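Student: Let me see the structure of the following:
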Amino acid sequence: MVSAPARRALVREWIEGDASERCALAAIGMSASALRYRPREDRNVELRERILALAHRHRRYGVGMISLKLRQEGRLVNYKRVERLYCEQQLQVRRRKRK
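Tutor: Take a look at the predicted model:
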């Protein structure tokens, strides 16, 4: 299985050669809209960095406390969005060791 960006690059190489766009797309089995697709910019870069900084500074804070801290900073952020970004970064609350 080849990724979509790799297939786009291959089609563009064929088009630069002597093949038509339709023939190159048909040979690969790709649609024209997939060739022209441009991914959106990531809007969460700044928020990800802030979540990571808070998680490292306060190791015992989970998603709820980090979401609360972001709101206290004046950022209006959805809890589920914070939860998704928290999980994407594979952050977890450190468990306390037993005495």
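
Student: Give me the distance between the spatially most central residue of the chain and Ala53.
Tutor: The structure's the chain has its C-alpha centroid closest to Asp42; by Cα atoms, centre = their mean the separation is 6.6 Å. Using Cβ to Cβ, to the nearest Å, one gets 17 Å for the distance from Asp42 to Ala53. From N, CA and C alone the C-beta is placed, and that goes for glycine too.

Student: And for Ser20?
Tutor: Between Ser20 and Ala53 the distance, using Cβ to Cβ, works out to 51 Å.

Student: Could you chop this structure up by domain?
Tutor: Per automatic domain parsing, the domain ranges recorded for the chain read 4-36, 45-88.

Student: Please identify the buried residues of the first one?
Tutor: Pointing back at domain 4-36 there. Taking 16 or more other Cβ atoms under 10 Å as the neighbour-count basis, domain 4-36 is seen to contain the buried residues Arg7, Arg8, Val11, Trp14, Ile15, Ala24, Leu25, Ile28, Met30, Leu35.

Student: Mind checking which of these are in helices?
Tutor: Those of the buried residues of domain 4-36 mapping onto helices are Arg7, Arg8, Val11, Trp14, Ile15, Ala24, Leu25, Ile28, Leu35, per DSSP state H.

Student: Pick the one among these closest to Arg81.
Tutor: For Arg81, the nearest member of the ones in helices among the buried residues of domain 4-36 is Arg8. The distance, counting by Cβ to Cβ, is 29.4 Å.

Student: ok, the closest one touching Leu35?
Tutor: Yes. Between Arg8 and Leu35 a contact is recorded at 5.8 Å, counting by Cβ atoms under 8 Å.
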